[in-house]
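Visitor: Sharing a model prediction with you, sequence too.
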Amino acid sequence: MTTLTLPAVAKLNLFLHITGRRPDGYHNLQTLFQLLDVGDELHFTLRSDSNINLQCNNNDLVNEDNLVIRAARLLQRHSSCHSGCDIYLDKRLPMGGGLGGGSSDAATTLLGLNALWQLGLSIDTLAELGLTLGADVPLFVRGYSAFAEGVGEKLLPVNLPEKIYLIVTPDCHISTAEIFQHNDLIRNTPLISVEQVLTTPWRNDCQPLVEQHYPIVAITLQWLVEYAPCQMTGTGASVFAAFPDQTSAQHALANLPATWRGFIARGVNQSPVWAALADTE
Ligand SMILES: C[C@@](CO)(OP(=O)(O)O)[C@H](O)COP(=O)(O)OP(=O)(O)OC[C@H]1O[C@@H](n2ccc(N)nc2=O)[C@H](O)[C@@H]1O
Ligand SMILES: Nc1ncnc2c1ncn2[C@@H]1O[C@H](COP(=O)(O)OP(=O)(O)O)[C@@H](O)[C@H]1O
(Lines give C-alpha, C1' and ligand atoms only; values in the text may rest on other atoms or scores of the structure.)
(Ligands and ions follow the chains in the order given, each with its own letter.)
Protein backbone atom coordinates (compact mmCIF):
# COMPACT_ATOMS: atom_id res chain seq x y z
CA MET A 1 0.00 0.00 0.00
CA THR A 2 1.48 3.36 -1.03
CA THR A 3 -1.55 5.66 -0.83
CA LEU A 4 -4.41 6.05 1.62
CA THR A 5 -7.48 8.31 1.79
CA LEU A 6 -9.19 8.66 5.18
CA PRO A 7 -11.91 10.82 6.76
CA ALA A 8 -11.40 12.99 9.86
CA VAL A 9 -14.87 13.51 11.28
CA ALA A 10 -16.22 16.19 13.63
CA LYS A 11 -17.60 15.79 17.15
CA LEU A 12 -20.23 17.49 19.28
CA ASN A 13 -20.19 17.80 23.06
CA LEU A 14 -23.81 16.84 23.84
CA PHE A 15 -23.11 18.14 27.33
CA LEU A 16 -19.96 19.62 28.86
CA HIS A 17 -19.45 19.89 32.63
CA ILE A 18 -16.31 21.42 34.12
CA THR A 19 -15.74 19.71 37.43
CA GLY A 20 -12.51 21.31 38.66
CA ARG A 21 -9.14 22.80 37.87
CA ARG A 22 -5.96 20.70 38.09
CA PRO A 23 -2.68 21.98 39.57
CA ASP A 24 -1.24 22.27 36.02
CA GLY A 25 -4.03 24.69 35.03
CA TYR A 26 -5.95 22.19 32.87
CA HIS A 27 -9.56 21.49 33.76
CA ASN A 28 -11.22 18.20 34.59
CA LEU A 29 -14.38 17.72 32.66
CA GLN A 30 -17.21 15.32 32.05
CA THR A 31 -18.65 15.30 28.58
CA LEU A 32 -20.64 13.23 26.14
CA PHE A 33 -18.82 13.12 22.83
CA GLN A 34 -21.02 12.48 19.80
CA LEU A 35 -19.07 11.68 16.63
CA LEU A 36 -20.56 12.88 13.34
CA ASP A 37 -20.41 11.39 9.83
CA VAL A 38 -19.11 14.64 8.30
CA GLY A 39 -15.58 16.03 8.36
CA ASP A 40 -12.28 16.71 6.60
CA GLU A 41 -10.50 14.26 4.30
CA LEU A 42 -6.81 13.39 4.25
CA HIS A 43 -4.81 11.79 1.41
CA PHE A 44 -1.50 10.14 2.30
CA THR A 45 1.16 9.13 -0.25
CA LEU A 46 4.27 7.21 0.81
CA ARG A 47 7.62 8.84 -0.05
CA SER A 48 10.92 7.09 -0.60
CA ASP A 49 12.72 9.70 1.52
CA SER A 50 11.83 10.79 5.06
CA ASN A 51 10.30 14.18 4.17
CA ILE A 52 6.83 15.11 5.38
CA ASN A 53 5.02 17.55 3.07
CA LEU A 54 1.61 19.06 3.62
CA GLN A 55 -0.67 20.60 1.03
CA CYS A 56 -4.13 21.92 1.78
CA ASN A 57 -7.05 23.63 0.06
CA ASN A 58 -6.54 26.42 2.65
CA ASN A 59 -3.00 27.80 2.29
CA ASP A 60 -3.13 29.49 5.69
CA LEU A 61 -3.05 26.02 7.23
CA VAL A 62 0.21 24.95 5.58
CA ASN A 63 2.73 25.49 8.36
CA GLU A 64 4.70 23.54 10.96
CA ASP A 65 2.03 24.23 13.63
CA ASN A 66 -0.59 22.30 11.71
CA LEU A 67 -1.67 19.36 13.85
CA VAL A 68 -1.29 17.06 10.81
CA ILE A 69 2.43 17.89 10.50
CA ARG A 70 2.91 17.73 14.26
CA ALA A 71 1.22 14.31 14.43
CA ALA A 72 3.31 12.96 11.52
CA ARG A 73 6.58 14.20 13.02
CA LEU A 74 5.63 12.88 16.47
CA LEU A 75 4.97 9.42 15.02
CA GLN A 76 8.20 9.50 13.01
CA ARG A 77 10.22 10.41 16.13
CA HIS A 78 8.44 7.94 18.42
CA SER A 79 8.96 4.99 16.07
CA SER A 80 12.39 6.05 14.72
CA CYS A 81 10.85 5.56 11.31
CA HIS A 82 12.70 6.65 8.14
CA SER A 83 9.68 6.75 5.87
CA GLY A 84 8.11 10.02 4.78
CA CYS A 85 4.88 11.07 3.12
CA ASP A 86 3.02 13.69 1.10
CA ILE A 87 -0.24 14.65 2.80
CA TYR A 88 -3.14 16.53 1.24
CA LEU A 89 -5.66 17.94 3.72
CA ASP A 90 -9.08 18.72 2.27
CA LYS A 91 -10.28 21.11 4.99
CA ARG A 92 -14.07 21.19 5.11
CA LEU A 93 -14.92 21.77 8.79
CA PRO A 94 -15.10 25.26 10.30
CA MET A 95 -11.96 25.91 12.35
CA GLY A 96 -11.81 26.80 16.03
CA GLY A 97 -15.52 26.10 16.21
CA GLY A 98 -15.65 23.47 18.95
CA LEU A 99 -16.05 20.69 16.37
CA GLY A 100 -12.60 19.20 16.99
CA GLY A 101 -11.47 19.30 13.35
CA GLY A 102 -7.79 19.91 14.10
CA SER A 103 -7.73 17.13 16.70
CA SER A 104 -9.52 14.79 14.30
CA ASP A 105 -7.01 15.56 11.53
CA ALA A 106 -4.20 14.73 13.99
CA ALA A 107 -5.85 11.44 14.98
CA THR A 108 -6.45 10.40 11.36
CA THR A 109 -2.79 11.20 10.61
CA LEU A 110 -1.64 8.95 13.48
CA LEU A 111 -3.94 6.12 12.33
CA GLY A 112 -3.15 6.58 8.64
CA LEU A 113 0.64 6.73 8.95
CA ASN A 114 0.69 3.85 11.45
CA ALA A 115 -0.87 1.81 8.60
CA LEU A 116 1.08 3.33 5.67
CA TRP A 117 4.45 3.06 7.44
CA GLN A 118 3.51 -0.41 8.77
CA LEU A 119 4.48 0.53 12.33
CA GLY A 120 2.05 -1.81 14.10
CA LEU A 121 1.60 0.54 17.08
CA SER A 122 -1.38 -0.22 19.33
CA ILE A 123 -4.42 2.05 19.62
CA ASP A 124 -3.47 2.70 23.27
CA THR A 125 -0.05 3.96 22.17
CA LEU A 126 -1.54 6.15 19.42
CA ALA A 127 -4.08 7.58 21.91
CA GLU A 128 -1.27 8.36 24.40
CA LEU A 129 0.79 10.05 21.69
CA GLY A 130 -2.33 11.92 20.56
CA LEU A 131 -3.02 13.29 24.03
CA THR A 132 0.29 15.20 23.87
CA LEU A 133 -1.11 17.04 20.81
CA GLY A 134 -4.54 17.93 22.24
CA ALA A 135 -7.15 16.83 24.76
CA ASP A 136 -9.60 15.63 22.10
CA VAL A 137 -7.16 13.59 19.99
CA PRO A 138 -7.60 10.28 21.94
CA LEU A 139 -11.36 10.41 21.23
CA PHE A 140 -10.76 10.52 17.49
CA VAL A 141 -8.00 7.86 17.66
CA ARG A 142 -10.34 5.44 19.44
CA GLY A 143 -13.15 6.43 17.12
CA TYR A 144 -16.27 5.83 19.17
CA SER A 145 -18.85 8.16 20.69
CA ALA A 146 -18.10 8.25 24.40
CA PHE A 147 -18.72 9.51 27.90
CA ALA A 148 -15.43 11.19 28.80
CA GLU A 149 -13.71 12.27 31.99
CA GLY A 150 -10.29 13.63 32.93
CA VAL A 151 -9.37 16.22 30.29
CA GLY A 152 -11.41 14.13 27.88
CA GLU A 153 -9.00 11.19 27.58
CA LYS A 154 -10.78 8.71 29.86
CA LEU A 155 -13.32 7.34 27.45
CA LEU A 156 -16.23 4.98 27.96
CA PRO A 157 -17.97 3.94 24.72
CA VAL A 158 -21.70 4.73 24.57
CA ASN A 159 -24.45 3.72 22.22
CA LEU A 160 -26.35 6.88 21.31
CA PRO A 161 -29.38 7.24 19.04
CA GLU A 162 -27.85 8.23 15.67
CA LYS A 163 -29.77 11.50 15.24
CA ILE A 164 -29.72 14.14 12.49
CA TYR A 165 -28.03 17.36 13.62
CA LEU A 166 -27.87 20.85 12.16
CA ILE A 167 -24.60 22.53 13.15
CA VAL A 168 -24.29 26.29 12.78
CA THR A 169 -21.05 28.26 13.12
CA PRO A 170 -21.33 32.04 13.37
CA ASP A 171 -18.50 34.16 11.99
CA CYS A 172 -16.46 34.53 15.17
CA HIS A 173 -13.31 32.95 16.60
CA ILE A 174 -13.19 31.86 20.23
CA SER A 175 -9.93 30.84 21.89
CA THR A 176 -10.29 27.67 24.01
CA ALA A 177 -7.44 28.83 26.26
CA GLU A 178 -9.13 32.22 26.84
CA ILE A 179 -12.39 30.61 27.95
CA PHE A 180 -10.64 28.19 30.29
CA GLN A 181 -8.60 31.00 31.89
CA HIS A 182 -11.60 33.26 32.54
CA ASN A 183 -12.48 33.99 36.20
CA ASP A 184 -16.21 33.69 35.56
CA LEU A 185 -16.09 30.20 34.05
CA ILE A 186 -18.31 27.69 35.91
CA ARG A 187 -15.71 25.14 37.08
CA ASN A 188 -17.33 23.44 40.09
CA THR A 189 -20.10 21.31 38.61
CA PRO A 190 -20.57 18.19 40.78
CA LEU A 191 -19.44 14.91 39.25
CA ILE A 192 -22.19 12.67 37.86
CA SER A 193 -22.06 8.92 37.37
CA VAL A 194 -22.44 7.38 33.92
CA GLU A 195 -25.87 6.12 35.04
CA GLN A 196 -26.95 9.74 35.65
CA VAL A 197 -26.03 10.88 32.14
CA LEU A 198 -29.44 10.11 30.67
CA THR A 199 -31.40 11.60 33.59
CA THR A 200 -29.39 14.84 34.00
CA PRO A 201 -30.44 17.78 31.79
CA TRP A 202 -27.65 18.38 29.25
CA ARG A 203 -25.87 21.72 29.35
CA ASN A 204 -22.53 23.26 28.46
CA ASP A 205 -20.72 25.05 31.32
CA CYS A 206 -18.83 27.28 28.85
CA GLN A 207 -22.01 28.52 27.17
CA PRO A 208 -23.12 31.31 29.60
CA LEU A 209 -19.63 32.87 29.52
CA VAL A 210 -19.34 32.60 25.74
CA GLU A 211 -22.84 34.03 25.20
CA GLN A 212 -21.93 37.00 27.41
CA HIS A 213 -18.59 37.76 25.71
CA TYR A 214 -19.54 36.80 22.16
CA PRO A 215 -23.12 38.08 21.60
CA ILE A 216 -23.17 36.56 18.10
CA VAL A 217 -23.22 33.11 19.73
CA ALA A 218 -26.27 34.10 21.81
CA ILE A 219 -27.93 35.43 18.64
CA THR A 220 -27.17 32.18 16.80
CA LEU A 221 -28.72 30.15 19.62
CA GLN A 222 -31.80 32.42 19.57
CA TRP A 223 -32.12 31.78 15.82
CA LEU A 224 -31.73 28.00 16.10
CA VAL A 225 -34.08 27.54 19.07
CA GLU A 226 -36.93 28.69 16.82
CA TYR A 227 -36.49 25.31 15.09
CA ALA A 228 -35.38 22.96 17.88
CA PRO A 229 -33.79 22.92 21.37
CA CYS A 230 -30.12 23.82 20.92
CA GLN A 231 -26.75 24.13 22.65
CA MET A 232 -23.16 25.14 22.08
CA THR A 233 -20.44 22.53 21.45
CA GLY A 234 -17.03 22.65 23.20
CA THR A 235 -15.89 26.19 23.84
CA GLY A 236 -17.89 27.42 20.83
CA ALA A 237 -18.58 29.08 18.57
CA SER A 238 -20.60 26.32 16.86
CA VAL A 239 -24.09 25.47 18.10
CA PHE A 240 -26.24 22.48 17.24
CA ALA A 241 -29.75 21.03 17.42
CA ALA A 242 -31.14 17.55 16.80
CA PHE A 243 -33.94 17.26 14.21
CA PRO A 244 -36.45 14.44 13.72
CA ASP A 245 -35.46 14.03 10.04
CA GLN A 246 -33.31 15.36 7.18
CA THR A 247 -36.19 17.40 5.70
CA SER A 248 -36.82 19.51 8.80
CA ALA A 249 -33.06 20.09 9.22
CA GLN A 250 -32.85 21.14 5.53
CA HIS A 251 -35.74 23.55 6.07
CA ALA A 252 -33.88 25.34 8.90
CA LEU A 253 -30.58 25.30 6.94
CA ALA A 254 -32.27 26.94 3.96
CA ASN A 255 -33.12 29.95 6.16
CA LEU A 256 -29.58 30.35 7.53
CA PRO A 257 -28.32 33.97 7.58
CA ALA A 258 -25.69 34.51 4.85
CA THR A 259 -22.59 35.06 7.03
CA TRP A 260 -23.07 31.90 9.12
CA ARG A 261 -21.90 28.45 8.08
CA GLY A 262 -24.16 25.49 8.55
CA PHE A 263 -24.18 21.81 7.72
CA ILE A 264 -26.25 18.73 8.43
CA ALA A 265 -24.69 15.57 9.82
CA ARG A 266 -25.76 12.29 11.34
CA GLY A 267 -24.49 11.28 14.78
CA VAL A 268 -22.54 8.01 14.57
CA ASN A 269 -21.40 5.63 17.30
CA GLN A 270 -18.37 4.46 15.29
CA SER A 271 -16.06 6.77 13.36
CA PRO A 272 -16.08 6.17 9.58
CA VAL A 273 -12.26 6.20 9.76
CA TRP A 274 -12.38 2.59 11.02
CA ALA A 275 -14.44 1.36 8.06
CA ALA A 276 -12.08 3.21 5.69
CA LEU A 277 -9.02 1.64 7.34
CA ALA A 278 -10.60 -1.83 7.23
CA ASP A 279 -11.19 -1.39 3.47
CA THR A 280 -7.45 -0.99 2.93
CA GLU A 281 -6.52 -4.27 4.68
C1 LIG B 1 -13.06 21.65 25.93
C2 LIG B 1 -13.06 20.99 24.57
C3 LIG B 1 -14.19 19.93 24.57
O4 LIG B 1 -14.21 19.11 23.50
O5 LIG B 1 -13.34 21.99 23.64
P6 LIG B 1 -13.11 22.40 22.09
O7 LIG B 1 -11.66 22.76 21.87
O8 LIG B 1 -13.50 21.22 21.26
O9 LIG B 1 -13.96 23.59 21.85
C10 LIG B 1 -11.72 20.28 24.35
O11 LIG B 1 -11.51 19.25 25.31
C12 LIG B 1 -10.52 21.16 24.32
O13 LIG B 1 -9.55 20.39 23.64
P14 LIG B 1 -8.41 21.03 22.73
O15 LIG B 1 -9.01 22.06 21.82
O16 LIG B 1 -7.67 19.89 22.14
O17 LIG B 1 -7.62 21.77 23.81
P18 LIG B 1 -6.05 21.88 24.01
O19 LIG B 1 -5.43 22.33 22.73
O20 LIG B 1 -5.57 20.62 24.65
O21 LIG B 1 -6.01 23.07 25.08
C22 LIG B 1 -6.09 24.45 24.77
C23 LIG B 1 -6.02 25.22 26.10
O24 LIG B 1 -7.29 25.13 26.79
C25 LIG B 1 -7.11 24.92 28.18
N26 LIG B 1 -7.74 23.65 28.57
C27 LIG B 1 -8.04 22.72 27.61
C28 LIG B 1 -8.67 21.55 27.96
C29 LIG B 1 -8.97 21.32 29.32
N30 LIG B 1 -9.56 20.21 29.72
N31 LIG B 1 -8.65 22.25 30.26
C32 LIG B 1 -8.06 23.42 29.89
O33 LIG B 1 -7.79 24.26 30.76
C34 LIG B 1 -5.62 24.95 28.43
O35 LIG B 1 -5.30 26.28 28.79
C36 LIG B 1 -5.01 24.67 27.08
O37 LIG B 1 -3.77 25.30 26.93
N1 LIG C 1 -5.37 20.62 10.82
C2 LIG C 1 -5.92 21.66 11.48
N3 LIG C 1 -7.20 21.97 11.27
C4 LIG C 1 -7.77 23.00 11.96
N5 LIG C 1 -7.14 23.78 12.84
C6 LIG C 1 -5.85 23.49 13.10
C7 LIG C 1 -5.20 22.42 12.42
N8 LIG C 1 -3.95 22.39 12.88
C9 LIG C 1 -3.83 23.37 13.79
N10 LIG C 1 -4.96 24.05 13.92
C11 LIG C 1 -5.19 25.17 14.86
O12 LIG C 1 -6.07 24.69 15.90
C13 LIG C 1 -7.10 25.64 16.18
C14 LIG C 1 -8.37 24.92 16.67
O15 LIG C 1 -8.80 24.05 15.69
P16 LIG C 1 -10.13 23.15 15.65
O17 LIG C 1 -9.79 21.77 16.03
O18 LIG C 1 -10.75 23.33 14.34
O19 LIG C 1 -11.10 23.80 16.72
P20 LIG C 1 -11.69 23.34 18.12
O21 LIG C 1 -10.54 22.91 19.00
O22 LIG C 1 -12.39 24.57 18.62
O23 LIG C 1 -12.65 22.25 17.86
C24 LIG C 1 -7.28 26.42 14.88
O25 LIG C 1 -7.71 27.72 15.11
C26 LIG C 1 -5.90 26.38 14.24
O27 LIG C 1 -5.14 27.52 14.63
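Guide: Sure, I can see it. Ligands and ions are numbered 1, 2, ... in the order given.

Visitor: Going by proximity to ligand 1, name the top residue of this protein.
Guide: Gly234 (2.3 Å; C-beta to the nearest ligand atom). C-beta here means a position set from N, CA and C on the backbone, and glycine is covered the same way.

Visitor: Give me the nearest residue to Leu253, chain neighbours excluded.
Guide: Gly262 (5.1 Å; C-beta to C-beta, 6 or more residues apart in numbering).

Visitor: List the pairing partners of the host helix or strand of that neighbour within its sheet, with orientation.
Guide: Element membership for Gly262 (DSSP states H and E) is strand 261-268. The strands that strand 261-268 pairs with in its sheet are strand 27-47 (antiparallel), strand 164-169 (antiparallel) (by DSSP bridges).

Visitor: quick one: buried residues of it?
Guide: 262-265, 267-268 (16 or more other C-beta atoms under 10 Å).

Visitor: now stretch 244-255
Guide: Quick answer for stretch 244-255 (16+ other C-beta under 10 Å): 249, 252-253.

Visitor: got it, and stretch 190-202?
Guide: Neighbour count says stretch 190-202 has Val197 buried, by 16+ other C-beta under 10 Å.

Visitor: Any residues of the stretch 51-200 of the chain in contact with ligand 1? List them.
Guide: Residues of the stretch 51-200 of the chain lying close to ligand 1 by C-beta under 6 Å from any ligand atom are 98, 100, 103, 134-136, 151-152, 176-177, 180.

Visitor: from the strands paired with strand 261-268, which stretch is densest packed?
Guide: strand 164-169 (a mean of 24; mean count of other C-beta atoms under 10 Å).

Visitor: Give me the contacts around that strand.
Guide: For strand 164-169, contacts defined as C-beta atoms under 8 Å, 6 or more residues apart in numbering pick out 10, 12, 34, 36, 94, 97, 99, 220, 223-224, 227-228, 233, 237-246, 249, 252-253, 256, 260-267.

Visitor: From the residues you listed, which land in strands?
Guide: Those of these mapping onto strands are 10, 12, 34, 36, 239-243, 261-267, per DSSP state E.

Visitor: nearest residue to Gly101 other than its sequence neighbours?
Guide: For Gly101, the closest residue by C-beta to C-beta, 6+ apart turns out to be Leu93, at 3.7 Å.

Visitor: tally of neighbours for that neighbour?
Guide: A count of nearby residues for Leu93, using other C-beta atoms under 10 Å, gives 23.

Visitor: swap in Pro272?
Guide: Quick note: Pro272 (other C-beta under 10 Å) scores 18 neighbours.

Visitor: Who are the contact partners of it?
Guide: So Pro272 contacts 7, 9, 37 (C-beta under 8 Å, 6+ apart).

Visitor: Quick check: residues of the chain near ligand 2?
Guide: Checking the chain against ligand 2 by C-beta under 6 Å from any ligand atom, the hits are 61, 65-68, 95-103, 105, 176, 234.

Visitor: and whatever helix or strand comes next after the strand holding Gly262 with strand 27-47, angle?
Guide: Per DSSP H and E, the first helix or strand lying C-terminal to strand 261-268 is helix 272-279. On the basis of axes from the mean of the first three to the mean of the last three C-alpha atoms, to 10 degrees, helix 272-279 is oriented at 30 degrees to strand 27-47.

Visitor: buried set for helix 272-279?
Guide: 272-273, 276-277.

Visitor: cool, stretch 135-150 as well?
Guide: Applying 16+ other C-beta under 10 Å to stretch 135-150 flags 135-149 as buried.

Visitor: All set now, cheers.
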